Each structure stands twice: as C-alpha cells, then as structure tokens.
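Visitor: give me coordinates for this.
(one chain, ligands or ions: 1)
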Amino acid sequence: MNTSCKNLSCRNVVFIVILVFFFGLLSCNPEKTEIKPNILFIMSDDHAEQAISCYGSHLIETPNIDRIASEGIRFNNSFVTNSICAPSRAVLLTGKYSHLNGLRDNRDEFDGSQMTFPKLLQAAGYQTVMIGKWHLKTNPTGFDNWKILIGQGEYYNPVFNENGEKKQHTGYTTDLITDMALESLEKRDPEKPFCMLVHHKAPHRNWMPNAKYFDAYKDHDLPLPKTFYDDYSTRSAAAREADMRIDDMYLSLDMKLMPDYYEKETGTGGNARSAENIEQAWLNSYNRLTEDQKKAWDAFYNDINTKFKKSKLEGKELLEWKYQRYMKDYLRCIMSVDESVGRLLDYLDKNGLAENTIVVYTSDQGFYLGEHGWYDKRFMYEESLGMPLVIRYPNIIPAGQVSDNIVLNLDFAPTFLDLAGVQVPEEMQGKSLRPLFPGKEQKDWRNSMYYHYYEYPHGWHDAKRHYGIRTERYKLIHFYNDIDQWELYDLLKDPDELNNIYNETENRELIDSLKNELRELQLQYGDTQ
Ligand code: CA
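Guide: This next block holds a predicted model:
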C-alpha cells in the first residue's frame, strides 16, 4: 500500500513537472501561442528616405517614425517594383508584379475581385480596416470598414467615401485620417485581431502644410543636394527629356502663388495640361479652405509672396527659390505625418497593444528632393526606387535591428499573412520578411531585384518606360518604347549614379552577366512580353 501510494505520488509529480515544463515553453515562446498579432500598416505618399531622420536625413527630425526603427527594424535596401502611386498600392495588396495584378500605371483600374492580403486576413477572422488614400479607382474589397479619399484627395477639408457614402469633413487631412484611425481602434471588437491600413495623402504634391507647422524653416534655408545641378551628360535621353525638374515646377500649383504675384505661368511638368487648367487647380485647392484657414494661410504666405514679386528672380536664383519653397512645404507636411505616427503609437501604449501589434511605416515609393535637379519619382534611380521601411513587433523583432537585405513592396502581403499564421498563396511573388527579423545576416535571400515602369507616353512628367535589375552593387536599366538605350551604374563607386558606364568596353562581361540575370528574373516573375 505504502509502495503503491509512493508510486502514485511519484507519477503525479512527474505529470505536474511535464505540465509545468510544457506551459513554461509556451509562455517563453509567444510565437507558438494562438494569439494572432494585430497589424497597423501606416503608409504615406512620396515620403523619401532622405526626409526621415533614422535614415540619416539632415533636413528634418522624425522622432516618431524613428521610434519604430529603434524599437524594431530598419530596412536599408527596401525598394518599390514600379515607382508610382497606384501601381505600388496594387503590388502591396496582391503580392504580385504590375503585369500580373493588371495595374501598370495610374490610368488603370484595380480589379478588386483578385486575391489580396486583407481578404485572406478577413477570412481568417481579422477585423480589416482601410483609412486614407486608396487611389485605385474601384472601391476597396476585403475590408469590414473603409473610409477613403476621393482620387488623390485634398490636403484640407476633404471628401471621404465612407463605405460607399460620400462625406465632407472640415480640417487637415493628415489629422482627420489619424482621428478616424483612432476612432476605429476605439470601436474595435477586442476579442478579434485587427489589420488596419492608415494610408496618408501627405506628403504628395502639392504640399499644403498644416498651419501649426508654417513656422518651421522660417528663418533658414535648406542645403542643395550635391547632385542638384546634374547635367545628365552620361545618361540616355530619358533623363534629359523627363519633365520633372524643379525648374519645371508651376508657380501656381507647386509654388502656390496667386496669379497676381507673377506675370506668367512658366511651369510645365504636365502632359497636355494648359497653364490655365493648372492655375485653376491651385485656385480650387485654395478655395476649399475655410475663412479661418485662409486667414492663417495668407498671414504666413502673403509676405513671402510679396517679397518674391518684388525680387523678380530669374535663372539660377529663381530655380533655387523654387527648391526652398518646395522643400519647406514638403517637410512641413511630413511633420504632420510624423505627429500622426506618434499619436497611433501612444494609443497602442495606453491600451496595452504595443507588444502584440506589428507596426509598419513605409511610403508608396521614394521621391526626389532636388537630387538630379528633380522632384517626383518614376525612375529606377536610387531616390525613387527606395521606399522607407521600418517595422516594430516586439514579440519577434529585437529592438534596434538594421537589415541590408533587398526587400520589396512585393513582400508586404506574404509577410502579413505569414505573421498572422495564414498560408501564403502560391501565386504571390514576394517573400515573408520574417527570416530577416532577428537582424542576423540572412544569406539565403534574394540578391537582386526586378523593376518595371510603364507610364509613358501618357500621364505626367514624360519619364520613359523602362525595366531593369538592381543587384547589391550594380544597376542595369533598359529604356524602351520610343527609344532603345541602356544605362549601367556601379553603386559602390558611384552611389549618386552620375556616371553611366554601359558604353565602356571593359564592362562587356559584366553587362552580359547582368542581362542574363535580368532575363532570369523576367522569367521567374512571368514578365516576358
Ligand atoms: Ca506616391
């Protein structure tokens, strides 16, 4: 009896020890638990890495975006596969290149019947929410709740399409989008995980800041980028013929001058758009302001505009004045975006959601902040190919990681699905970024990326069609359609891409090898037309 009691008690102890060990393992490894992570996917529009302090910007401080990086991971080689607004969005939703998701340029409509990551998350029990700039022409699908700007949206007093119903709002759009996101978080079902896309219009053209940031940069000018006076001497015709130089900016729409402050609209940067149409577009934006907003706007800008009128600037002086005006307004718009990120992070902190929420900050692509004399995007050169990407997810990502691996907007959909424990469909062409999260160098990863831009000859800015490959060291670009010209850059020796070495005979072998790799990528992604 004593012996059997002893045996029983022994068995109990062993059983309890196994139980404790098993649950101990579970609690030490949250990835193994059934709790699905929330996803907060914050994206802005045209926000270049050069204007984010954790990417080394000398133009602006972005403490809240930096916080995501310092508490998570920053990707230094994050690229877009087609550098323009709507196509970038279609790629990130579908995890497929433009030629497969059907949206090659801003004229195309998104086919909302196709597979997207929000649809798959919704089916897996997520509350899915889309707030802000959508820009895909057809209404969102796969979201329980959506509130989107009409087309590009306005900076002030925007109209939103809210689940099919149009509503006029009063206020500054970046703040309104943030308010709506916070309201939606407040009203969520806490029993279910959420996936929320907060997609800002800012800092897209025509850069109208919130009055609270007018004073920033009031008393000092910004440095010109070192490639500001690029003469495109070694490039193909594509760079020279593009209509996107700071010089081409409109005095009305871009510089936001009223017609009585200049003699004649000298800007271009459009395609078959008359000066009158552009002036009217700016007047329409200004006339959206309420009387109070107009008062604040005029109180700040009228003095500057009067000085401009008196100075009768020309040539280089006018160009550099345009650069200052453009950059200061662009950066002021980003201040509101960074403030929005801070408000969202604060909400997660205050509601105990920080640990189990994946927070992403990115932009639909990069932008030229005067580099090569340009604004806008489109080209496969570094400034517009790059898209900032920082991710915080304390459950998996140790604080302060930096990755130099090549990652793409193609990877967002597979990453979110993988982290949510949802199977990634075969048809998605990107890769889950999860293996890169520990911050260790990942050798088994892509070492080159494929790019294809289509919006020519229609559309804005006359940037010719091109495709190409970027490896860790080289970039090979083929401009086609109404030209047939190649460019090759050695990013190690020439990080500013000023010296096209395609025509140097000693590079024949390198070019052949890059062309082979480019063809392999086209085959892999099915872009062989
Ligand atoms: Ca954009």
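Visitor: residue ranges with poor pLDDT in the stretch 251-400 of the chain?
Guide: 269-273 (pLDDT under 70).
Visitor: now do the stretch 101-250 of the chain
Guide: The stretch 101-250 of the chain contains no residues with pLDDT under 70.
Visitor: any chance you could map the helices in it?
Guide: For the stretch 101-250 of the chain, applying DSSP state H, counting those that start in this stretch gives helices covering 117-123, 173-186, 237-241.
Visitor: to the ion, which of those helices lies closest?
Guide: Closest approach to the ion among the helices of the stretch 101-250 of the chain (C-beta to the ion): helix 173-186, 14.8 Å. Glycine gets a C-beta too; all of them are placed from N, C-alpha and C.
Visitor: okay, buried residues for the closest one please.
Guide: By 16 or more other C-beta atoms under 10 Å, the buried positions in helix 173-186 come out as Thr173, Thr174, Leu176, Ile177, Thr178, Met180, Ala181, Leu182, Ser184, Leu185.
Visitor: name the helices or strands packed onto it?
Guide: strand 127-132, strand 145-149, strand 194-199, helix 315-350 (3 or more C-beta pairs under 8 Å, 6 or more residues apart in numbering; DSSP states H and E).
Visitor: can I get those in CSV including distance to the ion and mean neighbour count?
Guide: What follows is the helices and strands packed on helix 173-186, written out as CSV (distance: least, C-beta to the ion, whole Å; neighbours: other C-beta atoms under 10 Å):
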stretch, distance to the ion, mean neighbour count
strand 127-132, 13, 25
strand 145-149, 13, 22
strand 194-199, 10, 25
helix 315-350, 13, 20
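Visitor: ok, which of these comes nearest Cys85?
Guide: strand 194-199 (10.4 Å; C-beta to C-beta).
Visitor: residues in contact with that closest one?
Guide: 38-45, 89, 118, 121, 126-134, 177-178, 181, 184-185, 188, 340, 344, 416, 420 (C-beta atoms under 8 Å, 6 or more residues apart in numbering).
Visitor: how about 7 Å then?
Guide: 38-43, 118, 121, 126-133, 177, 181, 184, 188, 344, 416 (C-beta atoms under 7 Å, 6 or more residues apart in numbering).
Visitor: pairing partners for it, with directions?
Guide: With DSSP bridges as the test, strand 194-199 is paired with strand 38-44 (parallel), strand 127-132 (parallel).
Visitor: related to what we said a few turns ago, go through the buried residues of helix 173-186 and name the one nearest Asn395.
Guide: Closest to Asn395, out of all of the buried residues of helix 173-186 and judged by C-beta to C-beta, is Leu185, at 18.9 Å.
Visitor: which parts of the protein sit against the ion?
Guide: Neighbours of the ion within the chain, by C-beta under 5 Å from the ion: Asp45, Asp46, Cys85, Asp364.
Visitor: so which of those residues are in helices?
Guide: Cys85 (DSSP state H).
Visitor: among the residues of the chain next to the ion, name the buried ones.
Guide: Asp45, Asp46, Cys85, Asp364.
Visitor: contacting residues for the first one?
Guide: What that stands for is Asp45. Contacts of Asp45 by C-beta under 7 Å, 6+ apart are Cys85, Lys133, His200, Lys201, Ala202, Pro203, His204, Ser363, Asp364.
Visitor: one more: Thr174?
Guide: His200, Ala202, Ser336, Val337, Ser340.
Visitor: correct me, but the second one touches Val337?
Guide: Right, Ala202. Yes - contact criterion C-beta atoms under 7 Å: Ala202 and Val337 qualify, at 5.2 Å.
Visitor: now do the shared contacts for these two.
Guide: Joint contacts of Ala202 and Val337 (C-beta under 7 Å, 6+ apart) are Ser44, Thr174.
Visitor: by proximity to the ion, which residue of this structure wins?
Guide: For the chain, C-beta to the ion, closest residue to the ion: Cys85, 3.7 Å.
Visitor: verify the stated contact: that residue with Asp105.
Guide: No - between Cys85 and Asp105 there is no contact under C-beta under 7 Å: 9.8 Å.
Visitor: if we can go back for a sec, of all the contacts of Thr174, which comes closest to Lys96?
Guide: Nearest member of these to Lys96, counting by C-beta to C-beta, is His200, at 24.1 Å.
Visitor: what residues are up against that closest one?
Guide: Applying C-beta under 7 Å, 6+ apart, the residues contacting His200 are Ser44, Asp45, Gly132, Lys133, Thr174, Ile177, Val337, Ser340.
Visitor: roughly how far apart are the residue nearest to the last one when sequence neighbours are not counted and Asp45?
Guide: Distances taken as C-beta to C-beta, 6 or more residues apart in numbering put Thr178 closest to Ser340, at 4.2 Å, once the chain neighbours are dropped. Computed as C-beta to C-beta, to the nearest Å, the Thr178 to Asp45 distance reads 15 Å.
Visitor: swap in Gln442?
Guide: 30 Å.
Visitor: cool, and Phe479?
Guide: Distance, Phe479 to Asp45, using C-beta to C-beta: 26 Å.
Visitor: hang on, the earlier thing: I'd like the strands paired with strand 194-199 as JSON lines, with distance to Gly142 appended.
Guide: Listed next are those as JSON lines, based on distance: least, C-beta to C-beta, whole Å:
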{"stretch": "strand 38-44", "distance to Gly142": "13"}
{"stretch": "strand 127-132", "distance to Gly142": "6"}
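Visitor: so which of the helices and strands packed on helix 173-186 is nearest Asp527?
Guide: Here strand 194-199 is closest among these (C-beta to C-beta), at 26.4 Å.
Visitor: quick revisit: and the residue nearest to Ser340, what is it in contact with?
Guide: Ser340, Arg343, Leu344.
Visitor: pretty sure Gln50 belongs to a helix, no?
Guide: Yes - counting by DSSP: H, G, I helix; E, B strand; the rest coil, Gln50 is found in a helix.
Visitor: that one touches Gly56, doesn't it?
Guide: No - in this structure, Gln50 is not within contact of Gly56 by C-beta under 7 Å, at 8.3 Å.
Visitor: right, I'll leave it there.
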